[in-house]
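*Asks:* With the input below, show me the fold.
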Amino acid sequence: MSVVAAVVVVAFGLSLVAFPGVAFSKPAIAERLLSAFASSARAHYVEQAVRLLIGAALVVRSPTMWQPNMFWLVGWAIVVSSAVLLSVPWQWHRRLAERLLPLLVRHLRLYAVGSFVFGALLLYGVYAGGGAA
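*Replies:* Residues are numbered from 1 along each chain as shown. Next up is the predicted model:
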């Protein structure tokens, strides 16, 4: 189970590290990617399922990671927020996304740098805490 969790966390970390490359080189593609979240019921439920998987993977993997309490807390925050979003109508999530998207687009580069930092922190957490497996 821990190996599967590590693979999920590493894949998520790599995607976060890669996002700035898209955001800086092709901002229109990054904007389209961000606007796809909560754009339909299907997108909402797929997003929440992926978030639940990532959050659960962080919770499972956190004991062997660098700063285990921090990653455990982040994992549970992702799980709980995903459960909340699953329990409300998906249109509420869409309305929230529609309000936040202009702010994200306006500060896309800053968001991309944050994505890179968090992704790098996840990768460091996995490898500095005891390896990928």
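
*Asks:* nearest residue to residue 78 other than its sequence neighbours?
*Replies:* residue 55 (3.2 Å; Cβ to Cβ, 6 or more residues apart in numbering). In short, each C-beta sits where N, CA and C put it, glycine included.

*Asks:* Model confidence for that neighbour, exactly?
*Replies:* Per-residue pLDDT puts residue 55 at 98.

*Asks:* cool, and residue 38?
*Replies:* Per-residue confidence for residue 38 comes out at a pLDDT of 86.

*Asks:* same question, the one 5 residues further on
*Replies:* The score at residue 43 is 94. That number is its pLDDT.

*Asks:* Now name the helix or strand holding it.
*Replies:* For residue 43, the host element (DSSP states H and E) is helix 41-61.

*Asks:* what residues are up against the residue nearest to residue 78?
*Replies:* Contacts here follow Cβ atoms under 8 Å, 6 or more residues apart in numbering; on that basis residue 55 touches 75-79, 82.

*Asks:* Adding distance to residue 38, neighbour count and pLDDT, write those residues out as JSON lines.
*Replies:* Putting those into JSON lines (distance: Cβ to Cβ, whole Å; neighbours: other Cβ atoms under 10 Å; pLDDT from 0 to 100) gives the following:
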{"residue": "75", "distance to residue 38": "22", "neighbour count": "22", "pLDDT": "98"}
{"residue": "76", "distance to residue 38": "22", "neighbour count": "15", "pLDDT": "98"}
{"residue": "77", "distance to residue 38": "18", "neighbour count": "12", "pLDDT": "98"}
{"residue": "78", "distance to residue 38": "16", "neighbour count": "20", "pLDDT": "98"}
{"residue": "79", "distance to residue 38": "18", "neighbour count": "18", "pLDDT": "98"}
{"residue": "82", "distance to residue 38": "12", "neighbour count": "20", "pLDDT": "97"}
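
*Asks:* for those, which one is nearest residue 26?
*Replies:* If you rank those by distance to residue 26 using Cβ to Cβ, residue 78 comes first, at 27.1 Å.

*Asks:* Residue 53 is in contact with that closest one, correct?
*Replies:* No: taking Cβ atoms under 8 Å as the definition, residue 78 is not a contact partner of residue 53, at 9.5 Å.
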